[in-house]
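> Mind folding the following:
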Amino acid sequence: MKFDISQFNDVDFENIGVWPNQVKVVFAVIVSLIVFVASYFLFISDEIDSLGRMQDKEIQLRKDFKFKYQMAANLKLYREQLAQMEEQFSELLKMLPSQNEMPGLVDDLTFVATDSGLKINSLNWDDEIPKDFYIEFPINMSVVGDYHQIGDMVGSVAKLPRIVSLHDFTIQRDKSGKLAMEILAKTYRFTEQNEVSPKKKENK
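Modelled structure (predicted):
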């Protein structure tokens, strides 16, 4: 069937019933397209946007689930690691001297130095240094001996049951030809919960 576009020239929009069949078909197609496009922008596009948001939410939920699943799967391992860290921390605390043991450290250092053959010129506590969670206790030492004796003392200090670290040493020969060593030893003690450090007292 041949379509003649000239049929649209005499179309009477007030009397659709007399339109040629071909014109009615074309008009119906055009109206359908207009309705479809209008429906898309009024309803379908909103649904597509909503679907996109739901898909984004689904992706985020999957990521959250995967993260929580991995956390749950590793929870036992985390607990074991935490227990191990607490045990190591407890062992470390045992190596730090208590308040009652502090005077005994001077005796330990005196014994270590003399047992190594060193002569002690001086061994005195310095002012304690409060930190955030612990207190640092410096001990100034001055000893005289030879290289072997000094090395033996340093090794013996490292073997003490309580933590003592050595810092800022200087070695020079004295008038007798012996080695004179000035060294700073430090030990540490965690601040008790009910203990107020001198630094905090001064700020009150």
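
> wait, doesn't residue 134 sit right on residue 190?
Yes. Judged on C-beta atoms under 8 Å, residue 134 makes contact with residue 190 at a distance of 4.8 Å. All C-beta atoms are positioned from the backbone trio N, CA, C, and that covers glycine.

> what is in contact with the two at once?
Common neighbours of residue 134 and residue 190, using C-beta atoms under 8 Å, 6 or more residues apart in numbering, are residue 96.

> and the host helix or strand of residue 65, how far from the chain's centre?
Element membership for residue 65, per DSSP states H and E: helix 45-73. The chain centroid and the centroid of helix 45-73 are separated by 27 Å, computed with C-alpha atoms, centre = their mean, to the nearest Å.

> could you give the mean pLDDT of the helix or strand following that helix?
The helix or strand immediately downstream of helix 45-73 is helix 75-95, counting by DSSP H and E. What helix 75-95 shows for mean pLDDT is 81.

> contact partners of helix 75-95?
Residues outside helix 75-95 that contact it (C-beta under 8 Å, 6+ apart) are 161, 162, 163, 190.

> how close does the residue nearest to the first one when sequence neighbours are not counted sit to residue 118?
Yep, that's residue 161 we're talking about. With sequence-adjacent residues excluded and distances taken as C-beta to C-beta, 6 or more residues apart in numbering, residue 161 is closest to residue 95, at 7.0 Å. Separation of residue 95 from residue 118 (C-beta to C-beta, to the nearest Å) stands at 24 Å.
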